[in-house]
Structure formats: C-alpha cells, structure tokens
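Chemist: Provided below for reference: sequence and predicted model.
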Amino acid sequence: MLLLAVPVVLVLLVGGILGGRVLLADPAFGDLRQRGTVEDSSWPRGSRAVPARLGADTLQWETQDGGEISVRVDRAERVHDEAADFVRGWEGVPLCTEMFIVELTAAYEGAGSFEPASQLEIQRMAEPAEVHTAADGLDILAEPLLDPEVRLEDGDSVTGTVYFRGEVNQDWSGHLVIGTDEGRPLHVSPALPAPPMASGCTGS
C-alpha cells in the first residue's frame, strides 16, 4: 500500500506546486486595491475561473476622485504584417514576428479625469504562469490607446489598441488581465481562433 501511495503523493505535490505558481503569477491574486466589477452581469465574472467575455462585458472601477472608468475589450487579433487596419507601420519589426493586437474602449464618468497611458494596466497571462505587459505601440499602431495625450473627463470615451509581440504561430492562449492604478485587475478571455501560417515562416 505504501508503494502505491508514493506516486499519488508526488502527483499531488507537483500539482500543488504548479497550482501555486499559477496562483501567485495571477496579477489579481492578493491585490488589495479597489475591486472592479462587470457591468450588468447576472453571473460573477472577471475572475480567473470565470473571466469576462470579449466584446460582451464591460469592466468598471470607481476612482478616488469620485468618478468611474469603464473598459470593454472589443476585439483581439493576431497579425503578421502591416495589412491589418490598425497597424500604421511595420518598419523595424523583425521578420516572422507576430503581434497580438487588442482593441479596447475606455469611457469615463463623474468628477476628476482618467489618463489611460499612466492609469490603465493591460497584461496577458500566458499559460501556465507567465505575465506580459502590453506595449503602447506609439510608433506602430494607428490608434494607440495608451497615448500620453489622451485624457478622459466626464462623458468622454476613446477606442484604441495595444499589442503584445511574439513569434509567428505562437500560442496566445491565456487571459487578458486589465486593471487600473487604483483598481484590482479583472480577467477577460480573448477566445482566439487558430492562427494561419505566415508566408515564409515555419513558426515556433
């Protein structure tokens, strides 16, 4: 019986270690900032277990100024070249590079103001336990969301993009994790389709 129990113990131990790594890597784990909510959701969404839905759910956080910032992830796409409508230029991007581009709409209501470039946090949680921060893409994207000149006040909204860079045909599974400088991050599932093979590249 003892010999049979040893493999089970090892599996539980390894599973516990990997699960702990994933949990600790989650930007939302242990975060004590203001809790965010998902607008008009009949089911608690925004956690790692039950993420918000791309294009359907709006994330919301109250601000210390007495306002509210709302963010919706409109779409997430992988692109291999400058043919995509939201890419302004591809100069300087290495051959066989793939970009995971995320389009978001941010809206602000109430007192005070909100500056996405310094106050919005956009990350991607790769599997099993890696976290990557979005690039602002000021030199590449046609409408970068994290433009330092963008400032939202009561009734203002803006739609723009950010990006993550990787190798062609990279596995982009994993949630987007979005928060603010005052608000705890929420998870969004991008639900990406399988990628096409880029011409001349074998992928990773």
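Modeler: Looks like it arrived, so ask away.
Chemist: I'd like the next helix or strand past the lowest-mean-pLDDT helix or strand in the chain.
Modeler: Here the helix or strand of the chain ranked lowest by mean pLDDT, DSSP states H and E is helix 2-25, holding a mean of 43. Downstream of helix 2-25, the first helix or strand assigned by DSSP states H and E is strand 37-38.
Chemist: May I have the distance across stretch 40-53, first residue to last?
Modeler: The first residue of stretch 40-53 is 13 Å away from its last residue (CA to CA, to the nearest Å).
Chemist: And for it, what's in contact with it?
Modeler: Contacting residues not belonging to stretch 40-53 are listed as 26, 28, 36-38, 57-59, 73, 125, 175, 186-189, 191 [CB atoms under 8 Å, 6 or more residues apart in numbering]. Every C-beta, even on glycine, is put in place using the N, C-alpha and C of the backbone.
Chemist: 6 Å - rerun?
Modeler: Asp26, Val38, Asp57, His175, Leu186, His187, Val188, Ser189 (CB atoms under 6 Å, 6 or more residues apart in numbering).
Chemist: Can you list the buried residues in stretch 137-156?
Modeler: Under the neighbour-count criterion of 16 or more other CB atoms under 10 Å, stretch 137-156 has Gly137, Ile140, Leu141, Pro144, Leu145, Leu146, Asp147, Val150, Leu152 buried.
Chemist: Can you pick out the most distant pair from the residues you listed?
Modeler: Using CB to CB, the buried residues of stretch 137-156 reach their maximum pairwise distance at Ile140 and Leu152, which is 22.9 Å.
Chemist: where's Leu141 relative to Ile101, distance?
Modeler: From Leu141 across to Ile101, the span is 7 Å (CB to CB, to the nearest Å).
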